[in-house]
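Enquirer: attaching a predicted model along with its sequence, questions to come.
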Amino acid sequence: MLQLLLFLVGVVGIGWLIGATNLPGDWYAALAKPAFVPPNWAFPVAWTLLYIMIAIAGWRTFRREPSGKAMLAWAAQLALNFAWSPVMFTMHQIGAALVILVGMFVAITSYIVIESSRDRLAAALFVPYAAWVAFAGVLNAAIWRLN
């Protein structure tokens, strides 16, 4: 249980820290956005739930195989995830942020494929994440196109 707690604190805590230190701010507020942008309150709610699922899936994989392909895909998606906010909101690089999202989606789907035959729950925990990142990619692409 200590490992699970460490995964939860690490993933959720670092996710919150990155979110709190790379705020959208006035730059993002001034951008043209498509009509399907969710309200601002939806992002921290969605990401908190997703980070909990990401942590649980990672913990389950780590317990079974700490250095296998699934754990590598898990670590890759998390590194890309943590890179997105600074690139988008601090560096204002909309196109580069989109490239990061594409890489995230590839890593997420790779994790799902690898884990689907080993740990169906871990794979299932990543399905909503894949859907959210796909939506985020469409949103990011629309913002890039509009600006």
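Expert: Alright, I've got the coordinates. Residues are numbered from 1 along each chain as shown.
Enquirer: from here on, just use CA atoms for contacts and neighbour counts.
Expert: OK.
Enquirer: tell me where the chain has helices.
Expert: When secondary structure is read from DSSP state H, the chain shows helices at 2-21, 25-30, 42-64, 69-85, 94-116, 120-125, 127-146.
Enquirer: these: which one's closest to Phe36?
Expert: helix 127-146 (7.9 Å; CA to CA).
Enquirer: which outside residues touch the closest one?
Expert: Outside helix 127-146, the residues that touch it by CA atoms under 8 Å, 6 or more residues apart in numbering are 31-34, 36-37, 50, 54, 94-95, 97-98, 101-102, 104-105, 108-109, 112.
Enquirer: ChimeraX command to pick out the buried ones of those residues?
Expert: If you want just the buried ones from the contacts of helix 127-146 in ChimeraX, going by 16 or more other CA atoms under 10 Å, the selection is:
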select :33,50,54,94,95,97,98,101,102,104,105,108,109,112
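Enquirer: quick revisit: okay if I get the helices of the chain as JSON lines plus mean pLDDT?
Expert: Written out in JSON lines, the entries for those read as follows (pLDDT from 0 to 100):
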{"stretch": "helix 2-21", "mean pLDDT": "96"}
{"stretch": "helix 25-30", "mean pLDDT": "96"}
{"stretch": "helix 42-64", "mean pLDDT": "97"}
{"stretch": "helix 69-85", "mean pLDDT": "98"}
{"stretch": "helix 94-116", "mean pLDDT": "98"}
{"stretch": "helix 120-125", "mean pLDDT": "98"}
{"stretch": "helix 127-146", "mean pLDDT": "98"}
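Enquirer: just want the most central residue of this protein.
Expert: For the chain, the residue whose C-alpha lies nearest the mean C-alpha position (CA atoms, centre = their mean) is Asn81; its distance is 4.2 Å.
Enquirer: quick one, what contacts it?
Expert: Asn81 makes contacts with 100-101, 104, as judged by CA under 8 Å, 6+ apart.
Enquirer: mind putting the residues you listed in a markdown table, distance to Leu8 included?
Expert: Conversion of those to a markdown table gives the following (distance: CA to CA, whole Å):
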| residue | distance to Leu8 |
| --- | --- |
| Ile100 | 23 |
| Leu101 | 22 |
| Met104 | 20 |
